[in-house]
Every structure is written in C-alpha cells, then in structure tokens.
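*Asks:* Show me how the following folds:
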Amino acid sequence: MSAPSPAFPTNIIDGKTIATALKARVATEVARLKAEHGLTPGLAVVLVGNDPASEVYVRNKGIATREAGMNSYEFKLPAETSEADVLAKVRALNADPAVHGFLVQFPVPDQISQQAVIDAIDPAKDADGLHPLNAGRLASGLPAMVPATPEGCLIMAKLAAGGDLTGRHAVIIGRSNLVGKPVAQLLLRENCTVTIAHSRSRDLASLARQADILVAAVGRPNMVKGDWVKPGAIVIDVGINRVPAPEKGEGKTRLVGDVAFDEAAKVAGAITPVPGGVGLMTVACLMRNTVIAACRQNGIALPGDF
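*Replies:* Now for the predicted structure:
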C-alpha cells in the first residue's frame, strides 16, 4: 500500500500505484518473451455499438497494452451487427495465432446473446475468464484464466493484509459470474472462510459486519453504509455507479462505488476508493492474463512470482 493522496484518509488502498506496478511487471515479462522467444503477446477487443463508457474502456485497454510492448487489436462493429457476425469474428480470433487473448466488450446489443458469445470463445484465449470451462477449472482449483476484476480485488486485499489472508472471514455482496462467484473462489484458494451474500440475503448489514474482508459488487450506489463495516476490516469496492452531482452544475454527474466511502473510511482498516481503486486494476490484470495465455499456448514457463 502506497502513501495516500491528501484527498483520502490514511487507510486508502491506492489502486493507481498498485496497477502501475503490475503493468511494469507485465512490461518486463513482455520484453523477456520478445528477447528470449521472439514472442509478442497480442490482446484483441471486440466492441459492438458505440456505448460511451465501453468506448473509453476499450481505448484505455489499447493504450495500456501498447505501452507494455504488446500488440493491441481493436475491432469496432456497428450496433446493428447480427449475432452470427459477432460469432464469426470470435471464431476468426480463435484461429488467429497473433492473438493470444481477447474479449468481446459487454454489454452487447439486445439481438446478441452474451452467453452465446462467451461460449464461442476459445477457453485458452479467454482473457476475461468467463468461459464455463475456465469457471469450472477455477472452482476446482485447477489452472484457469481468471476474470480480471476479481484478480485485481484479490491483489489489493492481499497487499492491504500484508500478504496473508489465511483464516479471515470474507463476505462478498454480489453473486455474479463476472465478480461475485470468481472472487469467492479466489478467496477460498487463499484459505479464507467465505460467505456470499446477495439481494435475497436476510439481514445483509449483519452479515457484512462479520467480515474481515468485505467485497461489495452489486451495482447499487452507496448501498454499504459505515455501520455495515467491522472496525479494521478491509473493504474492496467493485461498484462503479454514475449519480447526479448538482454541486458541479446542472446535469453533471460523478462516480461513486457501492460503499458509502466517507462513512466506511472512518471504520475500515483499509478501503478502495471509487474512482481510483479496483477499476484501475482490471486493465492491468487483463494484460497479465494475456501474457499468461501467450506463454501457455507456446509452452513457455512463467516466473513463479508473475
């Protein structure tokens, strides 16, 4: 954990510093692969339509990928593109030896089945770790492509805890395939006791107060209040919600997490801000996934600390 920004309390988990360090580690490994094996990892992103948030995210992925010395491929398809055409693009990327990892940016337009897209991706190139085969391998404790956001959550939690999470009680609010379920598997792998809570859980606040590690991933702005947080707990806020900000002017908005930050920060031992927390880790972990995929596809061993 780095020195905090003056705008934040002293228990801030600085996502920018952690993500920058991981990107530097990725760049070092990419340079080694080029020098020793003549291999340049390639990450591709398919964007269907022109969702503004997705466009920004895809652009940031491309910039970070190129800065690390990797090849970046972006494919932008019109919003009216059929499911058949999207699946054809997926099959083409599955067959492209220059692409070691790729993803289709979600959400996709209504005429396209998100699950059909996920199922069509080669599990070995599944940079987002969403294919059922990767989910099953993760749940079984086998090597798998791990979703980038959960991996980022784990890295931040471990750093905040000094490296060892053994025996801690982790409570995850949210049960999605993208975050809730995989982060639960990762925390189990670290010898945590894990509780998955959700919208149907009884007395959610009471469950949250039991957590040594509290992961909020529900997409509801400021839902987790300060009195939901156990004193000294590590709070990982995955939520990215845009809410009105009249103090900035008419029609203006700002980003907030699923946790009421100002309240929770007074109680938590360590907490991620929004923005400046988990979101920054997602791109870094996606790049890491692509390097891992490239090495596995070419039978190259990775350093044990990668």
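*Asks:* Let me know whether Met70 touches Arg288 as I believe.
*Replies:* No - applying Cβ atoms under 8 Å as the test, Met70 and Arg288 come out as separate, 10.9 Å apart. Every residue, glycine included, has its C-beta placed from N, CA and C.
*Asks:* more neighbours, the two?
*Replies:* Arg288 (26 against 23; other Cβ atoms under 10 Å).
*Asks:* The more buried one: which element?
*Replies:* helix 278-297 (DSSP states H and E).
*Asks:* I'd like the average pLDDT over that helix.
*Replies:* For helix 278-297, the mean pLDDT works out to 96.
*Asks:* tell me which strands and helices that helix is in contact with?
*Replies:* helix 15-37, strand 42-48, helix 52-67, strand 101-104, helix 148-160 (3 or more Cβ pairs under 8 Å, 6 or more residues apart in numbering; DSSP states H and E).
*Asks:* winner for burial among those?
*Replies:* A comparison of the helices and strands packed on helix 278-297 by mean neighbour count, using mean count of other Cβ atoms under 10 Å, puts strand 101-104 on top with a mean of 27.
*Asks:* Would you indicate which residues of the following helix or strand past that strand are buried?
*Replies:* Sequence-wise, the next helix or strand downstream of strand 101-104 (DSSP H and E) is helix 114-120. Of the residues in helix 114-120, 117-118, 120 count as buried by neighbour count, 16 or more other Cβ atoms under 10 Å.
*Asks:* Repeat that for stretch 140-147.
*Replies:* 144-147.
*Asks:* Pick out whichever of the residues you listed sits closest to Ala88.
*Replies:* Nearest to Ala88 out of the buried residues of stretch 140-147 is Met145 (Cβ to Cβ; 22.3 Å).
*Asks:* Can you give me the distance of Glu55 to Glu80?
*Replies:* Counting by Cβ to Cβ, to the nearest Å, the gap from Glu55 to Glu80 is 17 Å.
*Asks:* Same check on Val194?
*Replies:* Taking Cβ to Cβ, one finds Val194 at 42 Å from Glu80.
*Asks:* same question, Asp258
*Replies:* In this view, Asp258 and Glu80 are 33 Å apart by Cβ to Cβ.
*Asks:* neighbour count winner among these two?
*Replies:* Asp258 (24 against 10).
*Asks:* from memory that one sits against Asp237, does it?
*Replies:* Yes - Asp258 lies in contact with Asp237 (Cβ under 8 Å); the separation is 5.7 Å.
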